[in-house]
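Asker: okay, sequence plus prediction incoming.
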Amino acid sequence: MNALNLTPLFRTAIGFDRLARLVDTAAAADVSYPPYNIEKTGEESYRLTMAVAGFGPEDIELVVKESTLTITGRVSGEAPKAELLYRGIAGRAFERRFVLADHIMVDGADLTHGLLHVGLKRVVPESAKPRRIAIGAAPVPGNDIGAAVQAA
């Protein structure tokens, strides 16, 4: 009985399909592997850090499509050079998806000491920022002040 039923909301709300997909994705997500942190590093910047021990830069793919960041790790087919007695470092393939808020852009990524760091930044376009609208004075009908100013 953990399912969240949003049907009553969608009967009267239009255009919230993205919200429904977000709720479905969050409910179905396996959040155990690989472990990750999300940090706020500034007013409009974030950093996603994911533990990817055993993976190299060539084994990891980052794709942003329709406001979803997908990080995929695929293990190379190399066989271990020695007989493995115990495997404590998981090296299995993974795919992790993160839904990005409006205007969040991936700023870059690097892999250091087994940690994948993905920089994220909010970049609001000028057209979406608040802007001040100047109020102009319209000429009043029958008032010749506007004509007198133009003649002068």
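Answerer: Here it is on my side, so go on.
Asker: drop to CA atoms for contacts and neighbour counts, all remaining ones
Answerer: OK.
Asker: could you list the low-pLDDT ranges of this protein?
Answerer: By pLDDT under 70, the weakly predicted segments of the chain are 1-31, 77-80, 142-152.
Asker: domain assignment for it?
Answerer: Per the record's domain assignment (automatic domain parsing), the chain is made up of the domains 1-30, 34-77+89-126.
Asker: residues contacting residue 91?
Answerer: Going by Cα atoms under 8 Å, 6 or more residues apart in numbering, residue 91 touches 53, 54, 55, 75.
Asker: mind redoing it with 7 Å?
Answerer: 54, 75 (Cα atoms under 7 Å, 6 or more residues apart in numbering).
Asker: distance of it relative to residue 81?
Answerer: Note on residue 91: its distance to residue 81, by Cα to Cα, to the nearest Å, is 15 Å.
Asker: just residue 92 next, same as before
Answerer: In this view, residue 92 and residue 81 are 18 Å apart by Cα to Cα.
Asker: out of the domains of the chain, which one sits most buried?
Answerer: Of the domains of the chain, the one with the most neighbours on average (mean count of other Cα atoms under 10 Å) is domain 34-77+89-126, at a mean of 15.
Asker: start to end distance for that domain?
Answerer: Domain 34-77+89-126: ends 37 Å apart by Cα to Cα.
Asker: likewise for stretch 129-136?
Answerer: One end of stretch 129-136 sits 22 Å from the other (Cα to Cα).
Asker: now do the same end-to-end measure for stretch 59-71.
Answerer: Start-to-end span of stretch 59-71 (Cα to Cα) is 11 Å.
Asker: what about the helices in this protein?
Answerer: All helices of the chain, identified by DSSP state H, fall at 7-12, 17-28, 145-151.
Asker: surely residue 47 meets residue 37?
Answerer: No - if you go by Cα atoms under 7 Å, residue 47 and residue 37 don't touch, sitting 8.0 Å apart.
Asker: strands of the protein, residue ranges please.
Answerer: Secondary structure of the chain (DSSP state E): strands at 36-40, 45-51, 60-65, 68-73, 94-99, 104-112, 115-122.
Asker: for residue 130, find the nearest of the ones you listed.
Answerer: Each of those has some distance to residue 130 by Cα to Cα; the shortest is strand 115-122, at 15.4 Å.
Asker: for the closest one, packing partners?
Answerer: Applying 3 or more Cα pairs under 7 Å, 6 or more residues apart in numbering; DSSP states H and E, one finds that strand 115-122 contacts strand 45-51, strand 104-112.
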